[in-house]
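> Could you look at this predicted model? Sequence included:
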Amino acid sequence: MSAHAESVPSQRHPLVAFALRWLLTTNHKEIGSLYLWLSFGLFFIGGLMAMGIRLELFRPGIEFFDPEFYNQLLTLHGLIMVFGAVMPAFVGLANWMVPLMIGAPDMALPRMNNFSFWILPFAFALLISSLFMDGGAPNFGWTFYAPLSTTYGPPSTDFFILGVHLMGISSIMGAINIIVTIANMRAPGMTLMRMPLFVWTWLITAFLLIMVMPVLAGVVTMMLTDRHFGTSFFEASGGGDPVMFQHIFWFFGHPEVYIMILPGFGIASQIIPTFSRKKLFGYHSMVYATASIAILSFIVWGHHMFTTGMPLVAELFFMFATMLIAVPTGVKVFNWVATMWRGSITFETPMLFAVGFVMMFTIGGFSGLMLALVPPDVQYHDTMFVVAHFHYVLYPGAIFGTMAAVYYWLPKWCGHMYDERLGKLHFWTATFAVNLTFFPMHFTGLAGMPRRIPDYSLQFADFNMLSSIGAGLLGLTQILFLFIVIKTIRGGKEASARVWEGAEGLEWTVPSPAPHHTFEEPPVLDPEASH
């Protein structure tokens, strides 16, 4: 418990004391739990919006929502899932696990850690409250392209801009905290190249966050001044350029995609060796591949803009750079498969989610390679094929990664084992539902069905019906997941001190490369060094 929580007078009402304890906590585990529960709540809200979208697309014709409200649902679904479900979940896992994995007593900046969390509920309250305002919620898509968001955006756009600023402040503070913690608070002998892969991926992710969140803050500030202060950054009639918005947004947006996937890579790199009973294959190459992906993510933003009329030489540059980023990603997939090769594998629920992550993320990677090529991309652009691609990257990548981590570490967090049968039921139903939802979108997209449209031609009806049924099933699996988590926290079989101890005595965290000594003898300290 934090110093703040302990300082609360004992005569307070128990509810007040409970509220103050969680409001003022500086304990990294409690803050990690707060992040995870907020993320799960927003995941449900974003999922309900997805249910609304798929309900409208179940049959051709305008059935349930008018197109304006449909676009509002679409916009908020994307923003809440990206900034409210995926990112806080990974920050929560980092808060819980990074200090434990590097031998630190807590995060380096615990009060800032508390502040960076409590900004988020207000940011998303601003965003969601826009649904109830005059003119409705933002309706311009999660990418909020100008001039749709500047000249034509509803009044609630200003609340959206403020909410994005608050999210960015929270992300930057969280990233600074993680970098400072890893740089300064590692246990003696925990060199960088002995850190678990999850710590490495979060260190690199934190640097990405610090570099790109100010870009997002800049572009929404330019939107704000275009809307209210007479500037014309993105207004062609005033000498601005709406395409410049896309360049700035995607310079933020593409590294952001990797921010949402790199911690998932780290989670898979922890889980797969544990259940393969082997050391991770190619530890150093995994670290360098992660860093390579992060660096290359800054030079591929133009592949989102092949239809904007950029010069041929720029199209070629972005095409080759995008294909190049597949190389370090392929290295990681190869290393995961090589780790499993001839391992003594058991398929507990965390391993199932990790293997599902690798397989379905790879499908998303292959469709990404198709989108990297300029001639086909001109045809695929703004079709349902793109929706299929990024959902195959983000759902099996970010969401399956988070679920794998929860199943893997939950016994350590609460001291109880989850129900293995229910966990496996969750995995198989979720895997079936994900593929039933998103795989048909490849076909509708290749046949020419545009995205972000509430109605469609009759020839797309069957595939859309399948996707909508899959989405409904996917929603039900999240209720099952919530039930499993609460059931585990409330009780169940007691977890041992070494939860995932296998035939060869593997620890619950995957060991990094073996240290040069065991630290069994106390170090000889220089008496003068303490002065």
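Nice, I can see it. This is a predicted model, so every value here is computed, not measured.

> Please list all residues in contact with I363.
Y392 (Cβ atoms under 8 Å, 6 or more residues apart in numbering). For the C-beta atoms, the positions are set from N, CA and C on the backbone; glycine is no exception.

> now swap in E420 and tell me
Residues counted as contacts of E420 (Cβ under 8 Å, 6+ apart) are 348-349.

> just V164 next, same as before
By Cβ under 8 Å, 6+ apart, the neighbours of V164 are 83, 123, 216-217, 220.

> from these, which would you call buried?
Buried members of the contacts of V164, scored by 16 or more other Cβ atoms under 10 Å, are 83, 123, 216-217, 220.

> Next step: those residues restricted to helices.
123, 216-217, 220 (DSSP state H).

> Now pLDDT and distance to T181 too, for those residues, in TSV please.
As requested, those are exported to TSV (pLDDT from 0 to 100; distance: Cβ to Cβ, whole Å):
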residue	pLDDT	distance to T181
A123	96	23
L216	97	24
A217	97	24
V220	97	29
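
> right, and out of the residues you listed, which lies closest to F463?
Here the nearest of those to F463, counting by Cβ to Cβ, is L216; it sits at 34.3 Å.

> any idea which element V406 lies in?
Applying DSSP states H and E as the criterion places V406 in helix 400-414.

> angle of whichever strand or helix holds F390 against helix 400-414?
Under the criterion of DSSP H and E, F390 resides in helix 384-394. If you take axes from the mean of the first three to the mean of the last three Cα atoms, to 10 degrees, helix 384-394 sits at 30 degrees to helix 400-414.

> If we only consider the ones in helices among the buried ones among the contacts of V164, which is nearest to F481?
Among these, A123 lies closest to F481 (Cβ to Cβ), at 24.7 Å.

> Now for the closest residue to the closest one other than its chain neighbours, how many residues are close by?
Spatial nearest neighbour of A123, chain neighbours left out: L166 (3.7 Å); criterion: Cβ to Cβ, 6 or more residues apart in numbering. Residues near L166, counting by other Cβ atoms under 10 Å, number 18.

> Kindly report the same for Q11.
6.

> hang on, it in a strand?
No - using DSSP: H, G, I helix; E, B strand; the rest coil, the secondary structure at Q11 is coil, not a strand.

> Mean pLDDT per element in the protein, and the minimum belongs to which helix or strand?
Lowest on mean pLDDT, DSSP states H and E among the helices and strands of the chain sits helix 3-6, with a mean of 50.

> Give me the next element, helix or strand, following it.
Next element after helix 3-6 (DSSP H and E): helix 14-24.

> Which elements pack onto that next one?
helix 3-6 (3 or more Cβ pairs under 8 Å, 6 or more residues apart in numbering; DSSP states H and E).

> give me every residue that touches the spatially closest residue to G240 that is not a sequence neighbour.
Leaving aside its sequence neighbours, G240 sits nearest to S232 (Cβ to Cβ, 6+ apart; 4.1 Å). Neighbour list for S232: 226, 238-240 [criterion: Cβ under 8 Å, 6+ apart].

> Could I have the buried ones of the residues you listed as ChimeraX selection syntax?
Of those, the buried ones can be selected in ChimeraX as follows, counting by 16+ other Cβ under 10 Å:
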select :226,240
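
> Can you pick out the most distant pair from the contacts of S232?
Using Cβ to Cβ, the contacts of S232 span at most 11.9 Å, a distance reached by D226 and G239.

> Can you show me the CA trace of stretch 102-120 as PDB?
Extracted in PDB, the C-alpha atoms of stretch 102-120 (Å, rounded to 0.1, in the frame of the first residue of the first chain):
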ATOM      1  CA  ILE A 102      14.100  -6.100 -13.600                       C
ATOM      2  CA  GLY A 103      14.100  -6.400  -9.800                       C
ATOM      3  CA  ALA A 104      12.900  -2.900  -9.000                       C
ATOM      4  CA  PRO A 105      10.800  -2.100  -5.900                       C
ATOM      5  CA  ASP A 106       8.400   0.100  -7.900                       C
ATOM      6  CA  MET A 107       8.300   2.500 -10.900                       C
ATOM      7  CA  ALA A 108      10.800   5.300 -10.700                       C
ATOM      8  CA  LEU A 109       8.200   8.100 -10.600                       C
ATOM      9  CA  PRO A 110       5.300   6.700  -8.700                       C
ATOM     10  CA  ARG A 111       3.300   9.900  -8.200                       C
ATOM     11  CA  MET A 112       3.500  10.700 -11.900                       C
ATOM     12  CA  ASN A 113       2.400   7.100 -12.500                       C
ATOM     13  CA  ASN A 114      -0.700   7.800 -10.500                       C
ATOM     14  CA  PHE A 115      -1.400  11.100 -12.400                       C
ATOM     15  CA  SER A 116      -0.800   9.600 -15.800                       C
ATOM     16  CA  PHE A 117      -3.500   7.000 -15.100                       C
ATOM     17  CA  TRP A 118      -6.200   9.400 -13.700                       C
ATOM     18  CA  ILE A 119      -6.000  11.600 -16.700                       C
ATOM     19  CA  LEU A 120      -7.400   8.800 -18.900                       C
END
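
> buried ones in that stretch?
For stretch 102-120, the neighbour count (16+ other Cβ under 10 Å) marks 102, 104, 106-110, 112-114, 116-117, 119-120 as buried.

> which residues are contacting that stretch?
Identification of contacts with stretch 102-120 by Cβ under 8 Å, 6+ apart yields 2, 23-28, 31, 34-35, 38, 84, 88, 95, 98-99, 166-167, 169-171, 173-174, 176-178, 180-182, 184-187, 190, 195, 199.

> from those, which would you call buried?
Buried among the contacts of stretch 102-120 by 16+ other Cβ under 10 Å: 2, 24-28, 31, 34-35, 38, 84, 88, 95, 98-99, 166-167, 169-171, 173-174, 176-178, 181-182, 185-186, 190, 195, 199.

> What about the residues you listed, which are in helices?
24, 28, 31, 34-35, 38, 88, 95, 98-99, 166-167, 169-171, 173-174, 176-178, 181-182, 199.

> Closest to T437 out of the buried ones among the contacts of V164?
Nearest to T437 among these, with distances taken as Cβ to Cβ, is F83, at 21.7 Å.

> and the helix or strand where V313 lies, which residues are buried?
V313 is part of helix 312-340, with elements assigned from DSSP H and E. Buried residues in helix 312-340, counting neighbours by 16+ other Cβ under 10 Å, are found at 315, 318-319, 321-322, 325-326, 328-329, 331-333, 335-336, 339-340.
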